[in-house]
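>>> Predicted coordinates and the sequence they were generated for:
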Amino acid sequence: MFGKIGLVGIGPIGSSLARVICRERLAGHIAIASGGIETLKRAEKLKLGDTYTTEANEAVRGADLVVVSVPVGASGAVAEEIEPALKEGAILTEVGSAKVSAIAQMQPVVPEGVHFIPGHPLTGTEKSGDAGFADLFENRWCILTPLEGTDLTALEKLSEFWRRCGANIGTTDPQHHDTTLALVSHLPHIIAYNIVGTAADLETVTKSKVIKYSASGFRDLTRLAASDPRTWHDMCLHNRDAILEMMARFLEDLAHLQRAIRWGEGDKLFDFFTRARAIRCSIIEEGQNIDASGYIPSARQSGIRRSLAQQTAPSPRHPQGRCQLDPSL
Ligand SMILES: NC(=O)C1=CN([C@@H]2O[C@H](COP(=O)(O)OP(=O)(O)OC[C@H]3O[C@@H](n4cnc5c(N)ncnc54)[C@H](O)[C@@H]3O)[C@@H](O)[C@H]2O)C=CC1
Ligand SMILES: O=C(O)C(=O)Cc1ccc(O)cc1
């Protein structure tokens, strides 16, 4: 698809991209740049690319596609560094989890003639470093947030690139992206970190075991707390307003629940839980299969879609169809 692809940043996302680009033969040459010399050495050892450098501008020189996969807080500095070396007509994208901030940092320095199209693959691992894998994007959404005046041919080419990496393409505007992700990705991580903190505090205060006795519910809920703290510290700083707005809504809804519990409003609680259960079931029925690692495996590869269809089909015992809430689905 591309003569040369420059990958700036080789964490979980950059290293997964390197692997899938290589597997699908999407580039004649993969140039990898990372500020961390150790990471770069590992990337070379793993043969993730063709050339390796600590100088981002070297990696992007002559590239037809440049993918910036660094913490959102570093995207402005990276854009300034690569700007003089970007080729006329090249596509420049970044994969940051907060679009408004990444765009505000990068757009002002993108030279005319370079097609800047931000995006965000909605997939991740709790792992850090270069622990990516070629299947990471398989059957997952990649949300593109094209800016006003974006060249449609470049947009289609980038969309095709992500499709060949296995992703499904969605488009939206940066603000809507950030508000949505604040609720469906950033807030769950914050809640996970927080509940682990609460349990640890309770242990200290009561001088007794708490976490040791946790059943699988607590463990499922806290899986996200194993994520790289740097990513989520970055997110709280760079999607601050949207996260605060979603936290406020969440706390308001939690207060309603608290009140219903305090007053023993059983019907209200039952209806509320039933509604939430139905929503979770519909997510599963749509094929958003979530395994315990957070990685949603390809339905195509795992055959899970078929087994889910069996589980949710009506049966004499379950005339409405049944929904298994086993997180391993
Ligand atoms: N990890 C995840 O699950 C996901 C992350 N993202 C986004 O992808 C981007 C990359 O994230 P990860 O792959 O987790 O990698 P990461 O955030 O760990 O960053 C890895 C790369 O960025 C480079 N880097 C770090 N600080 C830098 C700086 N100040 N200047 C220049 N380069 C620097 C490192 O050398 C390394 O090569 C982030 O913006 C994140 O929001 C998007 C989807 C999922
Ligand atoms: O594991 C999960 O549920 C995630 O939310 C993974 C994830 C992490 C960061 C992103 O920007 C997008 C997706």
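Structure's in. What do you need? Ligands and ions are numbered 1, 2, ... in the order given.
>>> of all the residues in this structure, which ones are close to ligand 1?
By the rule CB under 6 Å from any ligand atom, the part of the chain lying against ligand 1 is 9-14, 34-36, 39, 69-72, 74, 77-78, 95-97, 120-121, 124-125, 128, 231. Using the backbone N, CA and C atoms, a C-beta is placed for each residue, glycine as well.
>>> Mind checking which of the residues you listed land in strands?
Among those, the subset assigned to strands under DSSP state E consists of 120-121.
>>> Report how many residues lie close to the closest residue to ligand 1 within the stretch 201-329 of the chain.
With CB to the nearest ligand atom, the shortest gap between the stretch 201-329 of the chain and ligand 1 falls at residue 231, namely 5.3 Å. Using other CB atoms under 10 Å, the number of residues around residue 231 comes to 17.
>>> Equivalent analysis for residue 163, please.
Residues near residue 163, counting by other CB under 10 Å, number 13.
>>> My guess is it contacts residue 156. True?
No: using CB atoms under 8 Å, residue 163 is not in contact with residue 156; the gap is 10.1 Å.
>>> what do those two both touch?
Counting by CB atoms under 8 Å, 6 or more residues apart in numbering, residue 163 and residue 156 have no common neighbour.
>>> any idea how far residue 88 is from residue 246?
40 Å (CB to CB, to the nearest Å).
>>> okay, the two: which has more neighbours?
Remark: of residue 88 and residue 246, residue 246 carries more neighbours, 21 against 8, as counted by other CB under 10 Å.
>>> Quick check: that one touching residue 188?
No: the pair residue 246 and residue 188 does not pass the contact test of CB under 8 Å, sitting 10.2 Å apart.
>>> The host helix or strand of residue 253 and ligand 2 in contact?
For residue 253, the host element (DSSP states H and E) is helix 240-262. No: judged by CB under 6 Å from any ligand atom, helix 240-262 stays clear of ligand 2, getting no closer than 12.8 Å.
>>> who's in contact with that helix?
Outside helix 240-262, the residues within contact range by CB under 8 Å, 6+ apart are 178-179, 181-183, 186-187, 190-191, 235-236, 265, 268-269, 272.
>>> hmm, which of those residues are the buried ones?
When the contacts of helix 240-262 are checked for burial by 16 or more other CB atoms under 10 Å, the buried set is 178-179, 181-183, 186-187, 190-191, 235.
>>> Report pLDDT for residue 326.
The model reports residue 326 with a pLDDT of 35.
>>> same check, this time on residue 222
Looking at residue 222 specifically, the model assigns a pLDDT of 89.
>>> tell me the secondary structure for it?
Assigned with DSSP: H, G, I helix; E, B strand; the rest coil, residue 222 falls in the helix class.
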